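S.K.: attaching a predicted model along with its sequence, questions to come.
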Amino acid sequence: MNSLQIQFIGATGTVTGSKYLLTSDKNKFLVDCGLFQGFKVLRLRNWNPLPFDPKDIEAVILTHAHIDHSGYLPLLVKNGFRGKIYATRGTAALCKILLPDAGHLQEEDAVFLNRHKLSKHKPALPLYTEADAIKSLESLVPVDWGKKISLTPNLDFELFPAGHIVGAAMARFVSRKSRITFTGDLGRPNNIIMSPPSPLPETDYLVIESTYGNRNHPPEDPRKTLQDIISKTVARGGSVLIPSFAVGRAQEILYLIYQLKIKKEIPNIPIYLNSPMSVQATKIYCDFHDEHRITSGDCEAMCHTAHFITTVEESRRLNTQKQPCVILSASGMATGGRVLHHLKFLAPNPKNSILLVGFQAAGTRGDALVHGVDHIKIHGEMIPVKAQVATLDSLSAHADANEILNWLRHSSHPPKITFITHGEPLASDALRKKIEQDLGWTCHVPDYLETRDL
Ligand SMILES: [Zn+2]
């Protein structure tokens, strides 16, 4: 038979919900298994049945640990998946903290909705629980970089560094019929922490992300911007709240603050990392320092720059703090987590600053803040936004349009078709045009649930 087929089950027209069904002969595999986030219409998709039976999936291959790529795994296992989940060692380590936390957050949200009677559903249920997430971790199988893993006699795969976060990989699948490579989230040539992505391996089909397909990161110096915002906010007696992805971004910000502190370029105010997950992720970054640019000594010193907040008590106490401080807290798009309590407290005061340091998906509170709303809804309450809202766009862990083009340009062998996914519609389409015009490659932006023979 030797057939190979792909179905796009997520990350079409959006940056979330990454899931690709790869069918080789009759064997079914999933590449990534992410949650939809952002707009309610997308989040509701997490509750819809999948277009296949989880029992029929033989294995999942993860590109990286971010929840929009891994966060559906507990539900997949809960619904009958019994195969292996292949991931790099770094991704496996990060999943062990990210997935239970995702389950825990969903349980907390359901409790909150029930207590305040905010859901149409009685009772509101979590999508999955922390216990479901912990169970799914048993299926993780760590894979070495560049090692061929045989899935069937006719299909194997290997993982190459993608330079996005610790453990982030591109996955190339090779069958007798053809080869397909998934970039996962593609990193940048000059990230503050991560080493650059590997060259694109030879491939017949390519599935590439397009988060920044229609934009280039500003050429700002992120350290200078951060210094400026912290110094000005502290000078007017305010605090800086930095909603931050726990994995990757929190470590980049910490590293920048560490550099600013040792050079005495910012006032000597307390820095709090208020996210148990960020605290654990920072330790994992230190364990995997061969994947990034920070030495183990600098990692150690960076960890001492901030007070690591773990308990709920300490977290609450932060909101009673009178002195200016910097609080880094998750989640990065302010969709949930402890950052919401700080937002509620800090957003109404014009002395404070809210610094958004990552991509904000449409429909999230972070996106609303970037667009200058004067109120945001938190826990059913309308909170006035009087604090200064600033963004630091240059810190992205995703390659921008020019960086993607330059990375592709170096490939020796143009793919037959380049599928463009993981972007808002305008971003994916802009990248399609750019690749077609500049490189002359054939591109296609797939629709949700579209199927293609390879
Ligand atoms: Zn990612």
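M.R.: Structure received.
S.K.: can we go C-alpha only for contacts and neighbour counts from here?
M.R.: Fine.
S.K.: could you chop this structure up by domain?
M.R.: Residue ranges for each domain of the chain read 4-215+397-453, 222-391, as given by automatic domain parsing.
S.K.: residues near Thr91, how many?
M.R.: Residues contacting Thr91 under the criterion other CA atoms under 10 Å number 26.
S.K.: what's the closest non-adjacent residue to it?
M.R.: Once flanking residues are discounted, Thr91 sits nearest to Gly167: 4.6 Å by CA to CA, 6 or more residues apart in numbering.
S.K.: got the contact list for the one you found?
M.R.: His64, Ala65, Thr88, Arg89, Gly90, Thr91, Ala92, Pro161, Glu291 (CA atoms under 8 Å, 6 or more residues apart in numbering).
S.K.: need the residues you listed in CSV (columns: distance to Ala347 and secondary structure).
M.R.: Formatted as CSV, these follow (distance: CA to CA, whole Å; DSSP: H, G, I helix; E, B strand; the rest coil):
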residue, distance to Ala347, secondary structure
His64, 33, coil
Ala65, 30, coil
Thr88, 39, strand
Arg89, 39, helix
Gly90, 35, helix
Thr91, 34, helix
Ala92, 36, helix
Pro161, 39, strand
Glu291, 37, helix
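S.K.: list just the nearest of the residues you listed to Leu346.
M.R.: Ala65 (30.3 Å; CA to CA).
S.K.: for Gly10, see how far away the closest one is.
M.R.: Distance, Ala65 to Gly10, by CA to CA, to the nearest Å: 16 Å.
S.K.: buried residues in stretch 107-127?
M.R.: Using 16 or more other CA atoms under 10 Å as the test for burial, stretch 107-127 gives Glu107, Glu108, Asp109, Ala110, Val111, Leu113, Asn114, Ala124, Leu125, Pro126, Leu127.
S.K.: about what we covered before: now the domains of the chain in TSV, with mean pLDDT?
M.R.: Conversion of the domains of the chain to TSV gives the following (pLDDT from 0 to 100):
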stretch	mean pLDDT
domain 4-215+397-453	93
domain 222-391	92
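S.K.: SS state for Asp298?
M.R.: helix (DSSP: H, G, I helix; E, B strand; the rest coil).
S.K.: show me the contacts for the residue nearest to the spatial centre of the chain.
M.R.: Taking CA atoms, centre = their mean, the centroid of the chain lies closest to His66, which sits 4.1 Å from it. Contacts for His66 (CA under 8 Å, 6+ apart) come out as Leu98, Val247.
S.K.: list the buried ones in stretch 16-36?
M.R.: Within stretch 16-36, judged by 16+ other CA under 10 Å, the buried ones are 16-24, 27-36.
S.K.: among those, which are in strands?
M.R.: 19-24, 27-33 (DSSP state E).
S.K.: looking at these, spot the one nearest Lys147.
M.R.: Nearest member of those to Lys147, counting by CA to CA, is Val31, at 17.1 Å.
S.K.: wait, isn't the closest one in contact with Leu62?
M.R.: Yes: Val31 lies in contact with Leu62 (CA atoms under 8 Å); the separation is 5.9 Å.
S.K.: hang on, Glu130 packs against Gly103?
M.R.: Yes: Glu130 is within contact range of Gly103, at 4.1 Å (criterion: CA under 8 Å).
S.K.: tell me which of these two has more neighbours.
M.R.: Neighbour totals were compared for Glu130 and Gly103, and Gly103 leads with 23 against 19 (other CA under 10 Å).
S.K.: helix or strand right after the host helix or strand of that one?
M.R.: Per DSSP states H and E, Gly103 falls inside helix 89-115. Following helix 89-115 in sequence order, the next helix or strand is helix 130-137 (DSSP H and E).
S.K.: got the buried residues for the next helix or strand after that next one?
M.R.: Scanning forward in sequence from helix 130-137 by DSSP H and E, the next helix or strand is strand 140-143. The neighbour-count check on strand 140-143 (16+ other CA under 10 Å) flags Leu140, Pro142, Val143 as buried.
S.K.: quick one: residues in contact with strand 140-143.
M.R.: Counting by CA under 8 Å, 6+ apart, Lys84, Ile85, Tyr86, Ala87, Thr88, Arg89, Ala92 sit against strand 140-143.
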